[in-house]
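A.B. asks: show me how the following folds:
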Amino acid sequence: MQRSDWVVAVAMFVVASFAIFIIHDVVPDKITSKLPYWGDILITAALHLPLAWRRVQPLWVVGWVGPLFALYRYLEVPEGSVSSFAIFLAIFAAGAYSDAPTRHLLRGVAVAFSALALFYSLLGQEEFVGFDGLTLGALSLAINAGFFAAAWLLGDARRRRRIDAAELARRADQLAAEREARARRAVLDERVRIARELHDVVAHHVIVLGDQAAGARRNLETDQAPAP
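C.D. replies: Predicted structure coming up:
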C-alpha cells in the first residue's frame, strides 16, 4: 500500500466531514439526513477510508464502496461532491489494478447501486415532475452515465498501460539477460581461442625442442673426438 493512497483517502474523509459539519452548523433546518451528525460522520468514514486499499484490494473496495455509496445517498447524508469522487475512484481502481474477470461484474454492481440511488433521489424531488422536470432528469442521468463511463473506461485504459509497461519491462530484462549471455559466451569463446592458440604454439615449440634434442644426441654420438 502506498502512503499517497492513505493521504488521498484521509484527505477525502476530512474534506467530506468538514462539508457535513458546515451544513449542520450553518443550515441545520435544511438537513434531510436520516442520521444524526455523528452517524453522518461514521458512514462518511466507512465510505472514504477504504479507498486507501484501492490498489492492493481493488475488487474488495469497489464491492464495498458501491453499495455503501447507494446507502449514503438513500440516507441523504448532506455531502455530494467528495462521495461522488469516492465511487469514481473505486470503479476506476477495479479496472486499473485488477486482472480478475470478476472486476466487470463488481463494477457493474457498483454502477447499478449508484443508478438506483440516483433514481431514488430524482423521484423524491418535486421539480422533476412535468416536461421540464423530465428533461432535467434525463440530463442528470446522462451526466451521471458519462461520469460512470469515464471511470470505467479510464480504469481499463490504465490497466492496459500497466500491462504494456510490465511487458516492456519483461522484454527489457530478457534483452539484458540475452546480452549478458552473449557477452559471457563471447568471453568464453575468446578464452577457448586463446587456449587453442597457446596449445598450438606450445606444441610446436615442444616438437622443435624434441627435434633439436634428437639432433644434438645424434651429433654427440657421431662427432665425439678421441681423448688425447
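A.B. asks: what distance do you get for V62 to S81?
C.D. replies: Between V62 and S81 the computed distance is 20 Å (CB to CB, to the nearest Å). No exception for glycine: its C-beta is placed from N, CA and C like everyone else's.
A.B. asks: just M12 next, same as before
C.D. replies: Distance of M12 to S81, computed by CB to CB: 10 Å.
A.B. asks: point to the helix or strand of the chain where mean pLDDT is at its lowest.
C.D. replies: Taking mean pLDDT, DSSP states H and E as the measure, the helices and strands of the chain show their lowest mean at helix 131-222, namely a mean of 79.
A.B. asks: just to revisit the earlier point, between V62 and S81, who's got more neighbours?
C.D. replies: Relative neighbour count places V62 above the other of V62 and S81, with 29 against 10, counting by other CB atoms under 10 Å.
A.B. asks: show me the contacts for that one.
C.D. replies: When the contact criterion is CB atoms under 8 Å, 6 or more residues apart in numbering, the partners of V62 are A90, I91, A93, A94, R103, L106, R107, A110.
A.B. asks: pLDDT of the host helix or strand of it, averaged?
C.D. replies: Mapping V62 onto the secondary structure by DSSP states H and E places it in helix 58-74. Mean pLDDT, helix 58-74: 93.
A.B. asks: so which elements touch the following helix or strand past that helix?
C.D. replies: Reading on from helix 58-74 to the C-terminus, the next helix or strand found by DSSP H and E is helix 81-97. For helix 81-97, the helices and strands in contact under the criterion 3 or more CB pairs under 8 Å, 6 or more residues apart in numbering; DSSP states H and E are helix 3-26, helix 37-48, helix 58-74, helix 102-123, helix 131-222.
A.B. asks: relative to F85, which of those helices is closest?
C.D. replies: The stretch from the helices and strands packed on helix 81-97 with the least distance to F85 (CB to CB) is helix 3-26; that distance is 6.8 Å.
A.B. asks: the closest one - contacts with which helices or strands?
C.D. replies: Applying 3+ CB pairs under 8 Å, 6+ apart, one finds that helix 3-26 makes contact with helix 37-48, helix 81-97.
A.B. asks: just these: most buried one?
C.D. replies: Scoring the helices and strands packed on helix 3-26 by mean neighbour count under mean count of other CB atoms under 10 Å gives helix 81-97 as the most buried, with a mean of 23.
A.B. asks: list the contacts of the nearest residue in space to L51 that is not next to it in sequence.
C.D. replies: The shortest distance from L51 to any residue that is not its chain neighbour, by CB to CB, 6 or more residues apart in numbering, is 4.3 Å, and that residue is A9. With contact taken as CB under 8 Å, 6+ apart, A9 is in contact with H48, L49, P50, L51, A52.
A.B. asks: from the residues you listed, pick the one nearest W152.
C.D. replies: Top of the list for closeness to W152, among the contacts of A9 and by CB to CB, is L51 at 17.0 Å.
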